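Q: Provided below are the primary sequence and the corresponding predicted coordinates.
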Amino acid sequence: MPLRLLLPLLLLWTYSLTGQTGVQDVVDKFAGTQVLAHSWRAVDVRDASTGERVASYQPELACIPASTQKLLTTAVAMDVLGPDYRFETKLIAGGAVDNGALRGNLYVVGGGDPSLGSNMMDGVPGVEAVLDRWVAAVQQRGIRRITGAVVGDGSYLGTDGAGRGWPWADLGNYYGAGAYGLNFNENSYTLSFAQRPQEGSTPPVLSTDPVVPGLTFTNELRSGPRGSGDQAYIFGSPFTYDYFIRGSIPVGTGRFRIRGSVPDPPLWVAQLLTTALRAAGIEVVQPPTTHLVVGPLAADTGELLVTSQSPPLAELVDRTNLTSNNLFAEALLREVYRVRGGGEQELTEVIVDWLEEHGITTDGLQLQDGSGLSPRNYFPPALMTALLVNRAGEARWRRSIPLAGRTGSMRNVLKGTVAEGRVWGKSGTIDGVRAYAGYVERPDGRRLVYHIAVNNHTLRGTELNPLIYGLMRDLCTAGL
């Protein structure tokens, strides 16, 4: 018998001789840990090939999934849209061009691309590069004067960019940036402070990068102990420009940066492009505006100056899962909704429908968004493991899930253990919630899927994470 076929049998024989702890034993040990006694725990582990359950603890208990929910959204997006799908953004002259003058508005017409102008995604032109390209397109058309305004046209999607039920404390921060018809730089800016050496003092705001015209801050931030980290939060909501900063950053003498969400991304695009055009010597008569004020560009009208395309969907899915990007997840959900016909149903019903079409039971499922940021999402681990079994053959999608010791949020997790390079895990974290879901490639050749959820806990990450990581590691070697 070839060695590659003999090895799994030898490993299983070794387990039986040594009394190897079984998978159910390690799951029970985790669930029975004393420090988790007052929390909700639920675990499901299945064979990826057969779907057979090999271990569990309350697998039908509906739990808040946090960002593990992105696995649902991205799996559906990859299936419905396809890995090569691309979003488009168009720069359109909305009137006749006569003797160097555009008689009308210049429209930036969004197509829902979450990656447009992202400075955090390899291979994607950043803010300055996108603006330069648009300015160059205007110049190449011979336009030296725009009698109207630059219009950020985000009519491709509605105004409900933020997910349902997103907490007020999240909306002003970068991870609370909603998905709109026209997005830019992941709808975020960097906010810089000058650190102060004395605890309790207020570190002043220095700048935002890029500039967000009209955005004002009431600064209630305090200087915390050295090494206390980023405990700062920005409070604000979509389409409003009076923001509050609360919490703390550590004492020091340098510059400290956090990221916030842009209140009105289509308007922001119009503002930035207007500034860039004027800097290039192109006159823009009217102030920047959006489709909400002047109306969207009528279909099939105007003159197309340039089109920008997103990377293929598979790369957007990588960004979504490897970095747990809420904006990207919400953008994918909205595009699936459009492609599937939308209609009168709720946005998240497209995911529910897809699951049911693929034979995945949706009992105990409630979805409020596509990213998992809402604390009112919940479903049983059994649903997640059923999805993972169903998608086990989708190698390109599986690559988007962080791999222990190698990629994404798992890059520094379980490094140097048997789990390195063998355990894929999408994390999920919101207040009182910690979850992981993914795949395990065992040394004996068996592949497992798992979902681990802990809800309503009061532990620090340094207390809870080692317990979860230990269970993920043990799934590699425990007996089956």
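A: Arrived safely. Since the model is a prediction, treat every value here as computed from it, not as a measurement. Numbering: from 1, shown residues only.

Q: Looks to me like residue 273 is in a strand.
A: No. Read with DSSP: H, G, I helix; E, B strand; the rest coil, residue 273 is helix and lies in no strand.

Q: so who does it touch?
A: By CB atoms under 8 Å, 6 or more residues apart in numbering, the contact set of residue 273 is 106, 108, 131, 134, 135, 150, 288. C-betas here are computed from N, CA, C, even on glycine.

Q: so what's residue 363 up against?
A: Taking CB under 8 Å, 6+ apart as the test, what residue 363 contacts is 60, 380.

Q: Tell me if I am right that it is in a helix.
A: No. Under three-state DSSP, residue 363 sits outside any helix and is assigned coil.

Q: Look up how far residue 437 lies from it.
A: 18 Å (CB to CB, to the nearest Å).

Q: in this structure, which spans are helices?
A: For the chain, applying DSSP state H gives helices covering 3-18, 23-31, 70-80, 127-140, 168-171, 265-279, 291-294, 313-322, 326-339, 349-357, 381-390, 395-398, 461-477.

Q: For residue 451, which of those is the nearest?
A: Each of the helices of the chain was scored for nearness to residue 451 using CB to CB, and the closest is helix 381-390 (3.8 Å).

Q: Apart from its chain neighbours, what residue comes closest to residue 416?
A: residue 405 (7.2 Å; CB to CB, 6 or more residues apart in numbering).

Q: Quick one: residues contacting the one you found.
A: Counted by CB under 8 Å, 6+ apart, residue 405 has contacts 411, 412, 413, 414, 415, 416, 417, 419, 420, 421.

Q: will you turn these into CSV that also has pLDDT, neighbour count and distance to residue 46?
A: Formatted as CSV, these follow (pLDDT from 0 to 100; neighbours: other CB atoms under 10 Å; distance: CB to CB, whole Å):
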residue, pLDDT, neighbour count, distance to residue 46
411, 97, 13, 26
412, 97, 9, 27
413, 97, 24, 22
414, 98, 22, 21
415, 97, 13, 26
416, 96, 7, 27
417, 97, 18, 22
419, 98, 25, 18
420, 98, 17, 23
421, 98, 15, 21
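
Q: ok, of these, which one's closest to residue 247?
A: residue 412 (25.6 Å).

Q: The closest one and residue 402: what is the separation?
A: Distance, residue 412 to residue 402, using CB to CB: 10 Å.

Q: okay, and the helix or strand of the protein with the least pLDDT?
A: Lowest by mean pLDDT, DSSP states H and E among the helices and strands of the chain is helix 3-18, with a mean of 36.

Q: If we ignore the residues flanking it in sequence, what's nearest the residue nearest the centre of the chain?
A: Nearest to the mean C-alpha position of the chain, counting by CA atoms, centre = their mean, stands residue 325 at 1.8 Å. Spatial nearest neighbour of residue 325, chain neighbours left out: residue 319 (5.5 Å); criterion: CB to CB, 6+ apart.

Q: so who does the one you found touch?
A: Contacts of residue 319 (CB under 8 Å, 6+ apart): 115, 121, 325, 328.

Q: if you set the cut-off to 7 Å instead, what comes out?
A: Neighbour list for residue 319: 121, 325, 328 [criterion: CB atoms under 7 Å, 6 or more residues apart in numbering].

Q: so which of these comes closest to residue 309?
A: Using CB to CB, residue 121 is the member of the contacts of residue 319 that lies nearest residue 309, at 13.5 Å.

Q: Surely the closest one is in contact with residue 115?
A: Yes. Here residue 121 reaches residue 115: they are 5.6 Å apart, a contact under CB atoms under 7 Å.
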